[in-house]
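Asks: Below is the sequence, then the predicted model.
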Amino acid sequence: MALLEAQKLEYIYSQKTPFVKQAVKGVDFCVEKGEIVGIIGHTGSGKSTLVQMLNGLLKPTSGSVTLNGEDIFANKKSLHDARFKIGLVFQYPEYQLFDETVYKDISFGPSNMGLEKDEIDRRVISASKLVGLPPHLLNKSPFDLSGGEKRRAAIAGVVAMEPEILILDEPTAGLDPKGRQRILDMIVELNKTTNTSVVIVSHNMEDIAKLCNKVLVLKGGEAVAFDTPEKIFAETDIVEQSGLILPALTKMLISLKNKGLPVNIANFSVNDAVKELIRLKKEGYKLDA
Amino acid sequence: MLNDITFGQFFPCSSPIHKMDARVKLILTVAFIALIFVSQNFAALLCTAVGLFIYVMLTNVPVRMYIKSLKPLIIIVGITSILNLLYVKSGQELFAFDIFGWNLSVTLGGVTTAIYMTLRVCLLVIAGSVLTYTTSATELTDAIERVLSPLNLIKIDVHSFAMMMTIALRFIPTLIEETDKIMSAQKARGADLESGGIKSRLKALIPILIPLLVSSFRRALELADAMECRCYHGGEGRTRVKQMKLAFRDYFAIVCFVVLIGAVVISNIYLEGIIYALITVII
């Protein structure tokens, strides 16, 4: 049984008005323990709506979401528990910071869970360490931080609830390359050290390709594909019809493959790709065509 | 949660009323509201009601929307009706009763006042709704600016007020969206907004209001910068992309309205006695 399972999820905005819009159409997918799952799709493909249904913020028009086999919409308590077990980091989470100090802001989630003071303290410290916030920032006002620091503080606020699944909606949007890398490293570290499942929404294919075990491709609210990144990127059509652009590296490897070279396209980092090319060269293939 | 704001919402669809000049709609709505209060008897009110009904039918906006806009009034109208029923003493006494030693009676005058008041308030709100349902916020403020432009002569900066109104209206949906987002984000962190006493509920608002205020100021600064970058410096010498021009339908609407005024005046003068006589006979 999967940790988190979504079945035939549908969501319709503004029903019975001229603004009616179906954002999500019959999406099935699941997240296993310890997995990193990516959700990609063009703007308006229903990514954000989908993740809000996954932790019970939006009630699906039809379909179900189950956590450990239990319907999260069954009753008030299950819904309340789901909020803590499935942590959701919104797009531009820095706009939700509000408290006097960073420490207090990070502790907002854990204290809503009704934890003991010592436990809250432990969680705040470990979450801020994980996201890379130096301790001297914890006593500052969140509004005095830099953009990247604010983002990390906001993510720490959700990480500190120690959810079983962490969902991040465009966690790297609007950050500089360094800030982006830090967030991605943090995700990998969280996943490795605590075996927390992670769901990342993004339209950056490079990030998704590098990080994820599985990828869900959305197009116009429908799930076009749900598979490993290797398999999905091999089907160039699916990706491009969904209005997405393949990573440059993958494009190059695919064009080599189309020329008849036995190349493995599942190399998503520059280092791996270089190794792959060296291997091909050693085996005597000509690459300068 | 915040999607229930219907009064004052533009309802985009195609209808002759949507295409009407916003200035004409604005002036006619104000004049119509005056007409409602000038109508002295049932016949006159009936004329205004029929006029409004035809106007509403022409808008292509579902009747459901108008009924929805009346909902918030139920309490106010209910309470004032009861007070009118009990305290207006004129005409024939219909029935009397005692509650806790209070001697209360309902008179014909009370009944008619209560019905007039209810009708007037409903007509007024529906007339206002037609204007806002069929006119987008930008059209409306533009119309207000032009209708009030004579005030420039007495040194009132109409343009600035119109611009402020446009910006305020423009940002209502944005702020609602923002509030929704922040509420969702805090709910995702376990904020409980729906239970507890007054004190804990007020406290629960802090995590929403502070980010909302901060982002409003940020938006205001950004917008001011963007306006300056486009050389905005007030209304002086500004020209418009959309020129408002009266068309046949606007003149036709004005003529219809004049006819309605005539009908109301005639009802006021000649039908007063007849209706009252009819009611007295029926009772």
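Replies: Nice, thanks for sending it over.

Asks: quick one, strands of the stretch 51-200 of chain A?
Replies: With DSSP state E, counting those that start in this stretch as the definition, the stretch 51-200 of chain A shows strands at residue ranges A:62-67, A:70-71, A:86-89, A:165-169, A:197-202.

Asks: Next, format those strands as CSV and append mean pLDDT and distance to chain B.
Replies: Backbone N, C-alpha and C define where each C-beta goes, glycine included. Shown next, in CSV, are the strands of the stretch 51-200 of chain A (pLDDT from 0 to 100; distance: least, Cβ to the nearest Cβ, whole Å):
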stretch, mean pLDDT, distance to chain B
strand A:62-67, 89, 14
strand A:70-71, 88, 19
strand A:86-89, 92, 4
strand A:165-169, 93, 9
strand A:197-202, 92, 13
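
Asks: Buried deepest among the ones you listed, which one?
Replies: Scoring those by mean neighbour count under mean count of other Cβ atoms under 10 Å in any protein chain shown gives strand A:86-89 as the most buried, with a mean of 26.

Asks: What's the local residue count around A:Leu244?
Replies: Using other Cβ atoms under 10 Å in any protein chain shown, A:Leu244 has 19 other residues around it.

Asks: distance of it from A:Met205?
Replies: 6 Å (Cβ to Cβ, to the nearest Å).

Asks: Checking A:Val37 next. Helix, strand or coil?
Replies: strand (DSSP: H, G, I helix; E, B strand; the rest coil).

Asks: Go ahead and confirm it touches A:Cys212.
Replies: Yes. Assessed by Cβ atoms under 8 Å, A:Val37 is found in contact with A:Cys212 at 6.1 Å.

Asks: Overlap of the contact sets of the two?
Replies: Residues within reach of A:Val37 and of A:Cys212 at once, by Cβ atoms under 8 Å, 6 or more residues apart in numbering or on different chains, are A:Ile200.

Asks: so does stretch B:222-237 get close to chain A?
Replies: No. Applying Cβ under 8 Å from any Cβ of the partner chain, one finds stretch B:222-237 separated from chain A by no less than 13.4 Å.

Asks: quick one on the thing from earlier: need the strands of the stretch 51-200 of chain A in a markdown table (columns: distance to B:Ser105).
Replies: Below are the strands of the stretch 51-200 of chain A laid out as a markdown table (distance: least, Cβ to Cβ, whole Å):
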| stretch | distance to B:Ser105 |
| --- | --- |
| strand A:62-67 | 57 |
| strand A:70-71 | 60 |
| strand A:86-89 | 62 |
| strand A:165-169 | 65 |
| strand A:197-202 | 69 |
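
Asks: a helix runs through A:Val27, doesn't it?
Replies: No. Counting by three-state DSSP, A:Val27 falls outside a helix, being strand.

Asks: who does it bridge with?
Replies: Note on A:Val27: beta-bridge partners by DSSP bridges are A:Leu9.

Asks: one step back: pull up the overlap in contacts between A:Leu244 and A:Met205.
Replies: Common neighbours of A:Leu244 and A:Met205, counting by Cβ under 8 Å, 6+ apart, are A:Ile40.

Asks: Can you name the residues that contact the nearest residue to A:Glu32 once chain neighbours are set aside?
Replies: Take A:Glu32 and drop its neighbours on the chain: the residue closest to it by Cβ to Cβ, 6 or more residues apart in numbering or on different chains is A:Ala2, 5.4 Å away. By Cβ under 8 Å, 6+ apart, the contact set of A:Ala2 is A:Cys30, A:Val31, A:Glu32.

Asks: tell me the pLDDT at whichever residue of chain A sits closest to chain B?
Replies: Of all residues in chain A, A:Asn112 sits closest to chain B, at 3.2 Å by Cβ to the nearest Cβ. Note on A:Asn112: pLDDT of 89.

Asks: try the one 3 residues further on
Replies: If you check A:Leu115, the pLDDT there is 90.

Asks: repeat for B:Gly101
Replies: Confidence score, pLDDT, at B:Gly101: 69.

Asks: Likewise for the one 3 residues further on?
Replies: B:Leu104 is assigned a pLDDT of 75 by the prediction.

Asks: For it, grab the count of nearby residues.
Replies: B:Leu104 has 12 nearby residues by other Cβ under 10 Å.

Asks: That one reaches B:Asp98, doesn't it?
Replies: Yes. Using Cβ under 8 Å, B:Leu104 is in contact with B:Asp98, at 7.3 Å.

Asks: Run through the chain and note the low-pLDDT ranges.
Replies: I'll assume chain A. Within chain A, the stretches with pLDDT under 70 are A:18, A:287-289.

Asks: think we crossed wires, I meant chain B
Replies: Residues of chain B that meet the criterion pLDDT under 70 lie in B:1-8, B:101, B:272-276, B:278-279, B:283.

Asks: Can you give me every residue that contacts the residue in it positioned nearest to chain A?
Replies: Nearest to chain A in chain B, going by Cβ to the nearest Cβ, is B:Gly190, at a distance of 3.2 Å. Applying Cβ under 8 Å, 6+ apart, one finds that B:Gly190 lies in contact with A:His80, A:Arg83, A:Phe84, A:Phe108, A:Gly109, A:Asn112, A:Met113, A:Met161.

Asks: same question, A:Glu240
Replies: A:Leu246.

Asks: Please report how far it lies from A:Lys219.
Replies: To A:Lys219, A:Glu240 is 11 Å away according to Cβ to Cβ.

Asks: can you check B:Asp250 too?
Replies: Separation of B:Asp250 from A:Lys219 (Cβ to Cβ) stands at 46 Å.

Asks: doesn't B:Phe95 make contact with B:Thr107?
Replies: No. With contact defined as Cβ under 8 Å, B:Thr107 does not count as touching B:Phe95 (9.4 Å).

Asks: Pick out whichever of the two has more residues nearby.
Replies: A count of neighbours by other Cβ under 10 Å puts B:Thr107 above the other of B:Thr107 and B:Phe95, at 20 against 8.

Asks: Any idea what the residue nearest the centre of chain A is bridged to?
Replies: Against the mean C-alpha coordinate of chain A, by Cα atoms, centre = their mean, the closest residue is A:Ile200 at 0.9 Å. The partner list for A:Ile200 in beta bridges (DSSP bridges) reads A:Gly38, A:Leu168.

Asks: residue contacts, it?
Replies: Contact analysis of A:Ile200 by Cβ under 8 Å, 6+ apart lists A:Ile36, A:Val37, A:Gly38, A:Ile39, A:Ile167, A:Leu168, A:Pro171, A:Ile187, A:Asp207, A:Ile208, A:Leu211, A:Cys212.

Asks: mind redoing it with 10 Å?
Replies: Shown in contact with A:Ile200 (Cβ atoms under 10 Å, 6 or more residues apart in numbering or on different chains): A:36-40, A:51, A:89, A:166-172, A:183-184, A:187, A:207-208, A:211-212, A:215.

Asks: same check, this time on B:Lys242
Replies: Shown in contact with B:Lys242 (Cβ under 10 Å, 6+ apart): B:Thr138, B:Glu139, B:Asp142.
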